[in-house]
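> below are the sequence and a predicted model; questions follow.
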Amino acid sequence: MGYPIGIGYRFHPTDEELVGYFLQQRAKMGNQFHSNEISEYSEFYGQEEPWVVWDKNGGSSVDDGEPLFFFTKRKKLNPNGKRFDSKVGSGTWSGQFSREVVAEDRDTGCRITGMRREFRYEGGCDPEQNNSWLMQEYELCATDVLVLCTLKKNPRKASSAKRKRMACPAVRSEKAETCEEQQSTICVDLEETNSESRDHQLLQVVDEDYLPELFP
């Protein structure tokens, strides 16, 4: 019995393929272009936090380290300007790196020079989520509103959190053992102190001149 085509399939396009085919075709064909691997999500740059976008678009079913892909539109800071708004949810996409992507249009064979920019989520309302999300933005032209974006979890932040979770039980155990030892020592000290105190009190009530009567 054969397996469906989807078994074992991974969507791992190169930067050149994302720019030269997927983004180029989407720009040419508009909404008529469809891809099973790349979602249309107009609110990627909006009021929703990255983890909300992740959950809404099936992030829970993605393998660790794998991204989600989106066609979306950037929002200009000024309708007549060239700069785009980098805010997302309560935070912002902070730029880190950028590089040119040179690809070929499969239909015309013409060389296309796009751009890939990398961002990191910062300044959000939840400190635990800051630096936990990474985004890549692919554009055909610096003035284009349409872009192709990827979203994924920051593997460094995830591995750091995992190490902390693994270390915490051992630390708590060591602390618990230390506390138990301290409590045990305190109890022994109290018992010895109370015993000495009782003995001391018994010795104090005996008069040195007192001699017990002798009975035949």
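Yes, it's here.
> quick one: the nearest residue to Glu48 once chain neighbours are set aside and Pro127, what's the gap?
Nearest residue to Glu48, sequence neighbours excluded (CB to CB, 6 or more residues apart in numbering): Gly89, at 5.9 Å. C-beta coordinates here come from the backbone N, C-alpha and C atoms, glycine included. As judged by CB to CB, to the nearest Å, Gly89 and Pro127 stand 14 Å apart.
> quick check: mean pLDDT of stretch 153-172?
The average pLDDT within stretch 153-172 is 59.
> one more: stretch 25-38?
Mean predicted confidence for stretch 25-38 is 92.
> 49 is where my numbering starts, stick with that
All right, first residue 49 from here; so that's stretch 73-86.
> which other helices and strands contact whichever strand or helix holds Arg168?
Per DSSP states H and E: Arg168 is located in strand 159-170. Secondary-structure packing of strand 159-170 (3 or more CB pairs under 8 Å, 6 or more residues apart in numbering; DSSP states H and E): strand 139-152, strand 181-187.
> please identify the deepest-packed of the ones you listed.
strand 181-187 (a mean of 22; mean count of other CB atoms under 10 Å).
> got the angle between that strand and strand 139-152?
Between strand 181-187 and strand 139-152, the angle formed by their directions is 40 degrees, by axes from the mean of the first three to the mean of the last three CA atoms, to 10 degrees.
> for this structure, what spans make up the strands?
Secondary structure of the chain (DSSP state E): strands at 87-88, 116-121, 135-136, 139-152, 159-170, 181-187, 194-201.
> domain-wise, how is the chain divided?
Domain assignment for the chain, taken from automatic domain parsing, gives 63-201, 205-245.
> contact partners for the closest residue to Phe132 other than its chain neighbours?
Leaving out its chain neighbours, the residue that sits closest to Phe132 by CB to CB, 6+ apart is Arg122, at 4.2 Å. Contact analysis of Arg122 by CB atoms under 8 Å, 6 or more residues apart in numbering lists Tyr93, Phe132, Asp133, Asp192, Val193, Leu194, Val195.
> now Met183
Counting by CB under 8 Å, 6+ apart, Met183 makes contact with Pro98, Trp141, Glu166, Phe167, Arg168, Tyr169, Cys197, Thr198, Leu199.
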